[in-house]
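1. Quick one, what's the 3D model for this:
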Amino acid sequence: MIIGLVVLLLGIGALPAAAAADWSARAPAKGGEDGGEATSGSAPWDDRVRTFHGRAFDACTTPSRDTMRRWQTSDYRAVGVYYAGRGRACPHQPALTRSWARAVTRMGWAVLPVYVGSQSPCVGAGHKKGVRIGRHPWGQGKREARDAVRRAGTLGIERHSPLYLDMEDYDYRNRKCADTTLAYVRAWTKEVQRRGYVSGFYSSADSGVRHMEAARRAGVRDLPSVIWFARWHTKPHLYRERALGGNAWHPQRRIHQYAGNVKERHGGRTLVIDRNLVHAPVARIG
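-> Predicted coordinates:
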């Protein structure tokens, strides 16, 4: 997500009022800001799922507790963490422990757990080609979903939390590749949700997200319940993304990554981050 994301850097939107985080622990109601229903194709969650509305950042390497404390001076109130998966650009995460998750939650941070598993066979980024989906995508997706759930548990990420599958930019117009990728994503989603977690999906708005939207329109089942779309160099927005139908993944089911690989400094600490606007589930930390 931070490294090597290939996106088409176009898009328009309106800048929302900055800052205040809005927490809730309720199921999404029909209707909402655009008046549409949540129609992702996956089963809705219940009132044990906690949602967050506000700004989030993610960094390739999880910041230390002290940095998270210092960054409380920023407008961000949620953080994305690359907690597991063989495709991570930064597999060494010394700060990311169960005690870290508990500590930052006590500080008031919401956590977005990101799993970077196997990548599409037609992935664009060269450094991701070594972790492509194999010949048995359904079985591979199911196995990696079990790993995602197990690794989440070691960090105290409880059931009814979201797990976001990171799928970097790929050529979804390649039919064979698209079919393989979709089988993997559906298997991953089905197994994650069978085990009591909420399935999310991150990708470029003009590749993976367009692919999921086409599948939704075609009536495909077992699609992710939350969409995290990357469209950089634009103002943050949730419900005006042209790759998504107005009533798709709505409400409380979207994250917009609107800038990437930018430096910010807060409380005397500088990080290279991606910027996100969130209205979606966040982790329950036990």
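
2. shaky segments in this structure?
-> 1-44 (pLDDT under 70).

3. just the strands in this structure please.
-> Along the chain, the segments classed as strands by DSSP state E run 22-24, 50-58, 78-84, 110-115, 162-166, 198-204, 226-230, 254-266, 269-282.

4. Output those as JSON lines; include the columns distance to A145 and mean neighbour count.
-> Bear in mind the C-beta positions are built from the backbone N, C-alpha and C, glycine included. Shown next, in JSON lines, are those (distance: least, CB to CB, whole Å; neighbours: other CB atoms under 10 Å):
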{"stretch": "strand 22-24", "distance to A145": "26", "mean neighbour count": "13"}
{"stretch": "strand 50-58", "distance to A145": "21", "mean neighbour count": "23"}
{"stretch": "strand 78-84", "distance to A145": "11", "mean neighbour count": "25"}
{"stretch": "strand 110-115", "distance to A145": "9", "mean neighbour count": "26"}
{"stretch": "strand 162-166", "distance to A145": "8", "mean neighbour count": "28"}
{"stretch": "strand 198-204", "distance to A145": "8", "mean neighbour count": "27"}
{"stretch": "strand 226-230", "distance to A145": "15", "mean neighbour count": "29"}
{"stretch": "strand 254-266", "distance to A145": "20", "mean neighbour count": "19"}
{"stretch": "strand 269-282", "distance to A145": "17", "mean neighbour count": "22"}
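
5. Redo those as JSON lines? Include distance to D66.
-> Below are these laid out as JSON lines (distance: least, CB to CB, whole Å):
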{"stretch": "strand 22-24", "distance to D66": "24"}
{"stretch": "strand 50-58", "distance to D66": "16"}
{"stretch": "strand 78-84", "distance to D66": "14"}
{"stretch": "strand 110-115", "distance to D66": "17"}
{"stretch": "strand 162-166", "distance to D66": "26"}
{"stretch": "strand 198-204", "distance to D66": "28"}
{"stretch": "strand 226-230", "distance to D66": "27"}
{"stretch": "strand 254-266", "distance to D66": "12"}
{"stretch": "strand 269-282", "distance to D66": "8"}
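
6. how about K142, what does it touch?
-> When contacts are counted by CB atoms under 8 Å, 6 or more residues apart in numbering, K142 touches A187, W188, K190, E191.

7. make it 10 Å
-> With contacts defined as CB atoms under 10 Å, 6 or more residues apart in numbering, the neighbours of K142 are H136, Y184, R186, A187, W188, K190, E191, V192, R194.

8. How about V282?
-> For V282, the contacting residues are 21, 23, 25, 49-52, 54, 56, 77-80, 105, 109-113, 161-162, 198, by CB under 10 Å, 6+ apart.

9. Spatially nearest residue to it (excluding sequence neighbours)?
-> A110 (4.0 Å; CB to CB, 6 or more residues apart in numbering).

10. quick one: the one you found and A78 touch, right?
-> Yes. Contact criterion CB atoms under 10 Å: A110 and A78 qualify, at 3.9 Å.

11. So V209 versus R254, what's the distance?
-> Between V209 and R254 the distance is 10 Å, computed by CB to CB, to the nearest Å.

12. which residues do those two both contact?
-> The contact sets of V209 and R254 overlap at I227, W228, F229, E241, L244, A248 (CB under 10 Å, 6+ apart).

13. and which of these is nearest T270?
-> Of all these, W228 has the smallest distance to T270: 24.6 Å, by CB to CB.

14. Contact partners for that closest one?
-> Applying CB under 10 Å, 6+ apart, we find W228 in contact with 1, 56, 58, 80, 112, 114, 162, 164-166, 200-203, 208-209, 249, 253-257, 276, 278, 280.

15. switch to 7 Å and redo it
-> Going by CB atoms under 7 Å, 6 or more residues apart in numbering, W228 touches Y164, G200, F201, Y202, I255, Q257.

16. hey, what's it bridged with?
-> Beta-bridge partners for W228, by DSSP bridges, are Y202, I255.

17. What are the contacting residues of stretch 211-222?
-> The contact list for stretch 211-222 (CB under 7 Å, 6+ apart) reads 40-42, 172, 178, 182, 186, 189-190, 201, 223-224, 227, 243-245, 248.

18. Just the buried residues of those residues.
-> 40-42, 172, 178, 182, 186, 189-190, 201, 223-224, 227, 243-244, 248 (16 or more other CB atoms under 10 Å).

19. circling back to that earlier point, with distance to T97 as added columns, please give the contacts of W228 in CSV.
-> Below are the contacts of W228 laid out as CSV (distance: CB to CB, whole Å):
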residue, distance to T97
Y164, 20
G200, 22
F201, 26
Y202, 23
I255, 24
Q257, 25
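
20. Sounds good, over and out.
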